[in-house]
Each structure stands twice: as C-alpha cells, then as structure tokens.
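Asks: 3D, please:
(one chain, ligands or ions: 1)
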Amino acid sequence: MFISDCLNVNKEGHLTIGGLSTVQLAEKYGTPLYVMDENLIRENIRSFKKSIERYYGGHGLVAYASKAFACKAMYAICKDEGIGVDVVSGGELYTALQAGFQPENIVFHGNNKTPDELTMAVETGVGRIVVDNISELHLLDGIARAAGKKVRIMFRIKPGVDAHTHSFIRTGQIDSKFGFALETGEAMAAVDEALKLPELTLVGLHCHIGSQIFDIEPFEHAAQVMLQFMGDVKKKHGAVLRELNLGGGFGIKYLPEHDPDDYDTYMKRVSTVVKKTAAQQDLPEPFILIEPGRSIVGPAGITLYKVGAIKEIPGVRTYVSIDGGMGDNPRYILYQSDYDVMIANKATQQKTEVVTVAGKCCESGDLIQENAPIQHVEVGDVLAVLATGAYNYSMASNYNRIPRPAVVFVKDGKDRLAVRRETYEDLVRCDCE
Ligand code: LLP
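Replies: Reported below is the predicted structural model:
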C-alpha cells in the first residue's frame, strides 16, 4: 500500500514509521518534524555493499554522498556500517570528523574547494580528494608541498553522457560546471600535468552523471567511457590508474507508480561493463567506488506537519496550508519534485480529495505538491510527506526566520532525537548587534 518499506498502519489507523505512530511522534516532538527509519538506512547501505560483493568480488567501496542528509548521527551510522562517505565542503568534512569518522574513508568533492578547505582536507588526512579543475590541481599541489604530505587524488571527468533527469541535477554532459571534459583534451592534459607532480598521487578517476536516474544504460555507458579513457592514459603514459569512482544518482520511488531497479541489477550490469572494458583495454579490474546518497536515505525519511488553514477556491483549487514548507523542503519550488502525501491520522481512509499542499512562507511558489490525491483533510490533521529523507533537511533554510525542524531517528520501536529543533535564540545567534 505504501511507497516505502518502513511505513505501515497501526490499529488506530495511524501511519507508523519503524513501528512507531507518526501521530504520537508529532505530538511528542512537535511539527514540522523529520523522521528517519534507521533500520531502513542500514538495510540500504548493506544492499549496496552486498551487491559489490556479489557482482564485483567486494573489490570496491560504498561512499555515502552525505550532501543528501548530513548530521553527526548519520556519519556515525556510516562508520558503524564500515562504508566511506563523500563530502563536498569543509562543513560536511568537519561534521564527519566530529562524528569520529575515519578520514581515510572520506572522498572530498567540489568544483571550487577553497584553499582553507583543501588545507583542512590535507591536514586531516582525507583519503581521496577529487580534483575538479586545473587551478585546483596546482593549488592542492602547493598545499601538499607546504604541509610535506603526499595526497591521493582522483580526477572528476565529464564522460559526456546524457542522463535523463532534471537539467539542474544532470552533471555528466560537456556543458557542466563540474570536472574535466574528455572531448576537448582537457582531461588528458590534466593527467599529463598530475603525473609530473610528486606530492600528488593520481589513484583514479571519478564521474557522476546526475541524480534521480532510473535508466541503467547511462551508468553502463559512463563506466565504459571512463575505462576507455583509463586505457588511453595507459597507452600514453604507461600509468595504470587503479580506482574508478562511478558516483551516485540512483532513482528512488517518490510516487507509487515509480519502479526503480534494485541495486543488484545496477551492479550486475555495470560491473559486467567494467570487467569487459577493462579486459579490452588490457587493464586490471579497477577498485570501484559508488556514491549513493538519495537511495540510502530518501526512502527512509518522512516529514510530518500539522494542517492549518484550508482555502477552497471554487472551480480553481483547494490550498491546504501546513506549518512548514520551502524552508524544510525546497525541492518542489526548485525542481517541481514529485511527492506522495497523506493524512497520517487517516491512513486507512481512501484518498478522495485532490489538493495543493502549501507552505507558510511569504512566497506563492512555496508549495510542497500540486494536485495531490489525499484523504479528506481537516484543520489539525497530521499531514505526512513521504520519501523526504534526502535533500530535505540538508537543503533546509531559515527563510522567513522559521526555525529548522528536529530530526528524529526511529529504530526497533524506539525514537531518539538526532538533531534538535532550532529555537528563536538560534536564529539570532550570529547577529552581531
Ligand atoms: N556523487 C556526487 C559527486 C554528486 O554530486 C552527487 C549528488 C552524488 C554522488 C549523490 O547523488 P544521489 O545518489 O543522491 O543522486 N539537490 C538535488 C540533488 C543534487 C545531487 C547533487 N549531487 C535534489 O534534491 O534532487
């Protein structure tokens, strides 16, 4: 009946997550509230790990893309599950380290890492820095020399693959701010340069073609293009790059009609291409990294709100306003993202109404979903938006000086606060006068 494995309905007819009543969680912690099912997060991580074991002999590493959802509790789960993490800023790196995450399993991305961020990464011993452009290569070389440290790097490559997803989250094509292009010779020129720099060890290459992708074919294509380039590097320099980072981007089920392939299917098909192309290029099978973000946390999270004003505009539409909005979930205003919504305290009832769920910000576009099927809605109902575990809390803002919600983790019938709700005092904490 529901779109994720962690949701169910109890005997009161209330939606549950991880076996706990969402109505009681909303009561206990207040709304809006992000709730994440820890067991599902761990299961998703294990599925990725197992698929690498099953289809690639375990010769790889899952590096959770922490931009999808980052807080100390999440990095601690990744540490506990023995996977790596991908970070894209000094702030994510700092949070990971604060959670005790081991730096050697951190992959550091970004198209414009600052000198301070790169220095922090070098000094703390980040395992792989993914260099995005030539000026960063030289900047990092200088930082490594000054620190007297050898640094393991990868290059971000644009494989020229068109992934079928929203243009704002498509990254593999030539017109992208990320990475080195193959077609123009830019990528090979960067390899030529890196091989001359003794402080930097080029361990491999990285690509990421986009996000929320359902087709496996673009991933296969990207893997093939990357290995062919690794073959070109070997032919030109005799250098064998040992690692291939294939990025993230696996689509998840936001709506009941979405039907993503399982990770095994992805890994089976992609590892076949990797092995075959490596053999053709006379290369050893590379150590592979994958960087799932959304697919690990997205389905495991929901957001709970209280319904406030309901405005019926005859012949036009009905607005159902909730006590959150674009501040805690900017994905609809940014990408017109799909979401399934429901009334948590009427979970067994049929969806008989079609409404537009609106946030409380002073902004007409502040909507969570338009024309969404939903149960009969009344003021005071608890409204649940499903599959909000990825890119919701991590993209939240204080627009209109609205404090960001708390994040609660549920596991085995118990709840715990992972991130407390912001207060009004938090909102003025950085104001200087
Ligand atoms: N690796 C790299 C280098 C990335 O840039 C990303 C996502 C990932 C991995 C993880 O991709 P995932 O498995 O989560 O699709 N804010 C947008 C998504 C932006 C994705 C940015 N990069 C959204 O809310 O849909």
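
Asks: biggest helix in the protein by residues?
Replies: helix 217-237 (DSSP state H).

Asks: and for it, what are the contacting residues?
Replies: Contacts to helix 217-237, defined as C-beta atoms under 8 Å, 6 or more residues apart in numbering, come from residues 157, 159-164, 172, 182, 187-188, 191-192, 195, 204-205, 207, 209-210, 213, 239-241, 244, 246-247, 249, 266, 269-270, 273-274, 277-278, 280-283, 286. (Each C-beta comes from the backbone N, C-alpha and C, glycine too.)

Asks: how does it look with 6 Å?
Replies: 159, 161, 163, 191, 195, 205, 207, 209, 239-241, 244, 269-270, 273-274, 277-278, 281, 283 (C-beta atoms under 6 Å, 6 or more residues apart in numbering).

Asks: now swap in stretch 152-167 and tell me
Replies: Here stretch 152-167 has contacts from 128-132, 170, 172-174, 176, 178-182, 187, 190, 200-207, 209-210, 212-213, 218, 221-222, 225-226, 245, 335, using C-beta under 6 Å, 6+ apart.

Asks: now, which of the residues you listed lie close to the ligand?
Replies: Applying C-beta under 6 Å from any ligand atom to the contacts of stretch 152-167, one finds that 212, 335 fall near the ligand.

Asks: now a PyMOL select for only the buried ones of the contacts of stretch 152-167.
Replies: This is the PyMOL syntax for the buried subset of those, where burial follows 16 or more other C-beta atoms under 10 Å:
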select buried, resi 128+129+130+131+132+170+172+173+176+178+179+180+181+182+187+190+200+202+203+204+205+206+207+209+210+212+213+218+221+222+225+226+245+335
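
Asks: quick one: which of the contacts of stretch 152-167 sit in strands?
Replies: 128-131, 180-181, 200-206, 245 (DSSP state E).

Asks: the residues you listed into JSON lines, with extra columns for pLDDT?
Replies: Below are the ones in strands among the contacts of stretch 152-167 laid out as JSON lines (pLDDT from 0 to 100):
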{"residue": "128", "pLDDT": "98"}
{"residue": "129", "pLDDT": "98"}
{"residue": "130", "pLDDT": "98"}
{"residue": "131", "pLDDT": "98"}
{"residue": "180", "pLDDT": "96"}
{"residue": "181", "pLDDT": "94"}
{"residue": "200", "pLDDT": "98"}
{"residue": "201", "pLDDT": "98"}
{"residue": "202", "pLDDT": "98"}
{"residue": "203", "pLDDT": "98"}
{"residue": "204", "pLDDT": "98"}
{"residue": "205", "pLDDT": "98"}
{"residue": "206", "pLDDT": "98"}
{"residue": "245", "pLDDT": "98"}
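
Asks: rebuild the residues you listed as TSV, extending it with distance to residue 69.
Replies: What follows is the ones in strands among the contacts of stretch 152-167, written out as TSV (distance: C-beta to C-beta, whole Å):
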residue	distance to residue 69
128	21
129	23
130	20
131	26
180	29
181	31
200	31
201	31
202	31
203	27
204	26
205	27
206	21
245	20
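
Asks: how about those residues, which pair is most distant?
Replies: By the measure C-beta to C-beta, 181 and 201 form the most distant pair in those, at 23.1 Å.
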